[in-house]
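1. Sequence and predicted structure are below.
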Amino acid sequence: MRAALVVRPGQPPSLADRGEPSGEVVVDVLAAPITPLDLLCAGGTSYFGVPATPYVPGVQGIGTVNGRTVWFPTTAGMAPGDGSMAAKALAREEDLVFLPDVDPVLMAALGLSAVAAYMALTWRGELVAGETVIVLGCGAVGQSAIQLARLAGAGRVIAAARSEEGRERAARAGADVVVTLEDVAAQSADLLIDPLFGEPAAAAAQALRPGGRWVNLGGSAGETSPITSSTLRSRSLRLSGYTNNELTPQQRADAISVIARHAAEGALTVDHEVVPLADVTDAWHRKAHGRVVLAM
């Protein structure tokens, strides 16, 4: 079968022939996103260690099992074994999430990025209806967070992004106010959704009201942030970290189901590019510039 294959850590995958998998559940793959985690694992510098090669990357995908559409995760790049970027992939029965009638490519583009946005807002961030939310950045997590905050009852959504392109995406996603990262401190909010950290997060923390919550999902703007103790203490702010890895299988499945329902209803989308599996090498190089989904 056709598959994307990482031959050496640090190098992009290329199209190759791979034997069909056999095991507990074989999924006929429809679409698989290239995610930051895929790039990190394949690079060999993640805390999971250097992956055993060759292997098929892809930590999640959309496919069919017995004619039913499913979302499924894999441990590709984190443990021995192949992932979702192939015509067929292995999954565990208990990890499958059966989906409604939803565009498989869109669902692949949303995937765990949208799960992170949803759980950061509702579970970790404890969003209350009517509150104001600040969302930093406008990648897949940011776009999802803007829309999901509104769907969860936020009264006002403020988006802050560095580039003009990012701010345009935020406006299309439905943010009430769109500002530059430099101007975010002048806003006022109850909850901060932060995939960036670094200086942007320190500035956004200045906008939080007393008792405000700050949920960090990543460090793309810096692994450290110049936040001061006085800022945290004077406003009694609550800073929490979030990772999808802490979710139970049931929490993850429930969140995927919510994401799929909103997507099927046309209430949730994310900018993405669709490329054929044959173009995986070029798509891998271009992943830094947007959300890329491989169609099988």
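-> Structure's in. What do you need?

2. For the stretch 51-200 of the chain, which residues score under the pLDDT cut-off?
-> By pLDDT under 70, the stretch 51-200 of the chain contains no weakly predicted segment.

3. can you pull out the helices in it?
-> 104-119, 140-151, 164-173, 198-205 (DSSP state H, counting those that start in this stretch).

4. Columns distance to residue 80 and mean neighbour count on top of those, output as CSV?
-> C-beta coordinates here come from the backbone N, C-alpha and C atoms, glycine included. Output for the helices of the stretch 51-200 of the chain, formatted as CSV (distance: least, Cβ to Cβ, whole Å; neighbours: other Cβ atoms under 10 Å):
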stretch, distance to residue 80, mean neighbour count
helix 104-119, 21, 26
helix 140-151, 28, 27
helix 164-173, 37, 18
helix 198-205, 34, 22
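
5. residues in contact with the residue nearest in space to the middle of the chain?
-> When Cα atoms, centre = their mean is applied to the chain, the residue found nearest the centroid is residue 113 (1.6 Å). For residue 113, the contact set (Cβ atoms under 8 Å, 6 or more residues apart in numbering) comprises 35, 139, 140, 141, 144, 270, 291.

6. of all the residues you listed, which comes closest to residue 175?
-> Nearest to residue 175 out of those is residue 144 (Cβ to Cβ; 12.3 Å).

7. you'd agree that closest one is up against residue 117?
-> Yes. Counting by Cβ atoms under 8 Å, residue 117 is a contact partner of residue 144 at 3.9 Å.

8. Excluding sequence neighbours, find me the nearest residue to residue 216.
-> Setting aside the residues directly before and after it, residue 216 is nearest to residue 194 in space (Cβ to Cβ, 6 or more residues apart in numbering), at 4.8 Å.

9. quick one: the one you found and residue 96, what's the gap?
-> Using Cβ to Cβ, to the nearest Å, residue 194 is found at 32 Å from residue 96.

10. Doesn't residue 226 lie inside a helix?
-> No. Judged by DSSP: H, G, I helix; E, B strand; the rest coil, residue 226 forms no part of a helix; its state is coil.

11. Correct me if wrong: it contacts residue 203.
-> No. Counting by Cβ under 8 Å, residue 226 sits too far from residue 203 to count as a contact (9.3 Å).

12. in stretch 68-80, what's buried?
-> Under the neighbour-count criterion of 16 or more other Cβ atoms under 10 Å, stretch 68-80 has 69, 70, 71, 72, 73, 74, 76, 77, 78 buried.

13. Could you do stretch 170-185 as well?
-> For stretch 170-185, burial by neighbour count (16+ other Cβ under 10 Å) applies to 170, 171, 173, 175, 177, 178, 179, 181, 184, 185.

14. Dump the residues you listed into a markdown table; add distance to residue 51 as well.
-> Formatted as a markdown table, the buried residues of stretch 170-185 follow (distance: Cβ to Cβ, whole Å):
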| residue | distance to residue 51 |
| --- | --- |
| 170 | 35 |
| 171 | 39 |
| 173 | 34 |
| 175 | 38 |
| 177 | 42 |
| 178 | 39 |
| 179 | 40 |
| 181 | 34 |
| 184 | 37 |
| 185 | 41 |
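
15. which one of the residues you listed sits closest to residue 156?
-> residue 177 (7.3 Å).

16. which residues does the nearest residue to that closest one once chain neighbours are set aside contact?
-> The shortest distance from residue 177 to any non-neighbouring residue, by Cβ to Cβ, 6+ apart, is to residue 158 (4.5 Å). Shown in contact with residue 158 (Cβ under 8 Å, 6+ apart): 132, 133, 134, 135, 175, 176, 177, 178, 179, 184, 187, 189.

17. from those, which single one is nearest residue 91?
-> residue 135 (31.6 Å).

18. Alright, I will stop here.
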